[in-house]
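# Sequence first, then the predicted structure, then my questions.
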Amino acid sequence: MKIKIKETVKLKKGWSLYKLAKVLNLPQQTVYSWASGRTQPSYENMDRLCETLNCNIGDLFEAEPVQQKLNLVVNQ
């Protein structure tokens with residue numbers, strides 16, 4: 001599953017990732033790393049994200065379509 005912080009922040013608050021980092025009092029690099037998929041937020045930070053953005057955890061993740069998953073299995 002892919003995290004979609006950038007899209008959710010823009011949709012829910014109209015903020016940039018930079019502003020989100022400032023509001024969460026986290027290094028900018030940390031938030032950008034989450035958005036790029038290099039790292040994932042801890043459970044504590046995931047809770048903070050949801051609280052700050054007034055969303056649930058499901059809003060932050062993008063599930064792969066089932067058909068795409070099936071194609072990956074068949075093509076292997």
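On my side now, so go ahead.

# what ranges of this protein fall below the confidence cut-off?
1, 63-76 (pLDDT under 70).

# can you give me the strands in it?
For the chain, the strands defined by DSSP state E cover 2-3, 61-62.

# could you point out the longest helix in this protein?
In the chain, taking DSSP state H as the definition, the longest helix is helix 43-53.

# who's in contact with residue 53?
Residues near residue 53 by Cβ atoms under 8 Å, 6 or more residues apart in numbering: 8, 9, 12, 13, 59, 60. Glycine gets a C-beta too; all of them are placed from N, C-alpha and C.

# And these, which two are furthest apart?
13 and 60 (13.1 Å; Cβ to Cβ).

# Name the residue in these two with the higher neighbour count.
residue 60 (21 against 15; other Cβ atoms under 10 Å).

# Please put the alpha-carbon coordinates of stretch 8-25 into PDB.
Only the C-alpha atoms of stretch 8-25 are listed here, as PDB (Å, rounded to 0.1, in the frame of the first residue of the first chain):
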ATOM      1  CA  THR A   8      -4.400  14.200   1.700                       C
ATOM      2  CA  VAL A   9      -2.700  17.300   3.200                       C
ATOM      3  CA  LYS A  10      -3.600  19.300   0.100                       C
ATOM      4  CA  LEU A  11      -7.200  18.000   0.100                       C
ATOM      5  CA  LYS A  12      -8.000  18.300   3.800                       C
ATOM      6  CA  LYS A  13      -6.100  21.400   4.700                       C
ATOM      7  CA  GLY A  14      -4.700  23.000   1.600                       C
ATOM      8  CA  TRP A  15      -1.200  22.900   3.100                       C
ATOM      9  CA  SER A  16       2.200  22.000   1.600                       C
ATOM     10  CA  LEU A  17       4.300  19.300   3.100                       C
ATOM     11  CA  TYR A  18       6.500  22.000   4.500                       C
ATOM     12  CA  LYS A  19       3.600  23.500   6.500                       C
ATOM     13  CA  LEU A  20       2.600  20.000   7.700                       C
ATOM     14  CA  ALA A  21       6.100  19.400   9.000                       C
ATOM     15  CA  LYS A  22       6.000  22.800  10.900                       C
ATOM     16  CA  VAL A  23       2.600  22.100  12.400                       C
ATOM     17  CA  LEU A  24       3.700  18.600  13.500                       C
ATOM     18  CA  ASN A  25       7.000  20.100  14.800                       C
END
